[in-house]
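In: Compute the structure for the input listed below.
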Amino acid sequence: MRLKDIDVPMALIFLWGLPLPFFSGVLSIGGKSLAEYTYVFLAGCYIFSNDDVINKVEKWKWMFLCIGITATIFNVYLFIWSDTQQILLNTIAKYVSKWFMISSLLGIGKGYLNLNGKISKYMSKRSYTFYIFHFIWVVLFQYLLFQVCSGNIILLYVLPVLFAYGETLLCCEICSKVAFIISSK
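Out: Reported below is the predicted structural model:
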């Protein structure tokens, strides 16, 4: 039986966030856990691709957002302003915040960004190709423009992003014309 074939209870959506703290130290590089991010990615692919799950998340998006913001505020308070070390409470608040903010943003995206226009159809065909190429171009343009704009942080952010998006869209078009590179159909 596959996840797409069953009716998923709301409590199960909450429980899927429980493994996050256990992955935090696994394959950690520079404080970022590859195992944790892989779990979130796989949850997105396998759990949130279920229409029943995403519809429930959309229905409860504002409650999830309130829980996420409350947990974020509590996490910041414990981390910065608490006089005592509350490591367990801080960890709980951090991962409750992370899971509910991810869930709420998916629900908000489903409710408000699920559009059917010319631009969204065009971009949905090229989303994976865009995902692959955009970071390469952003890093390259930041490297190239660092000497020119090193004193102006705003320009060092805005110009590479604008140039990178143009180059990324150009790469997407080239890849859509050359089918053996990356199929976007």
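In: Sticking with the most centrally placed residue in the chain, tell me its helix or strand.
Out: Note on the chain: the residue nearest the mean C-alpha position is Ile102, at 7.2 Å, using CA atoms, centre = their mean. Per DSSP states H and E, Ile102 falls inside helix 87-112.
In: Give me the buried stretch members for that helix, please.
Out: 90, 92-108, 110 (16 or more other CB atoms under 10 Å). For the C-beta atoms, the positions are set from N, CA and C on the backbone; glycine is no exception.
In: and the next element down the chain from that helix?
Out: helix 118-149.
In: name the helices or strands packed onto that following helix?
Out: helix 153-177 (3 or more CB pairs under 8 Å, 6 or more residues apart in numbering; DSSP states H and E).
In: Work out the gap between the helix it packs on and the centre of the chain.
Out: Here the centre of helix 153-177 is set off from its chain's centre by 20 Å, with CA atoms, centre = their mean, to the nearest Å.
In: Please identify the buried residues of it?
Out: By 16+ other CB under 10 Å, the buried positions in helix 153-177 come out as Leu156, Leu159, Pro160, Phe163, Ala164, Glu167, Thr168, Leu169, Cys171, Cys172, Cys175, Ser176.
In: what's the answer for stretch 67-79, then?
Out: Quick answer for stretch 67-79 (16+ other CB under 10 Å): Ile67, Gly68, Ala71, Thr72, Phe74, Asn75, Leu78.
In: got it, and stretch 135-144?
Out: In stretch 135-144, counting by 16+ other CB under 10 Å, buried: Trp137, Val138, Phe141, Gln142.
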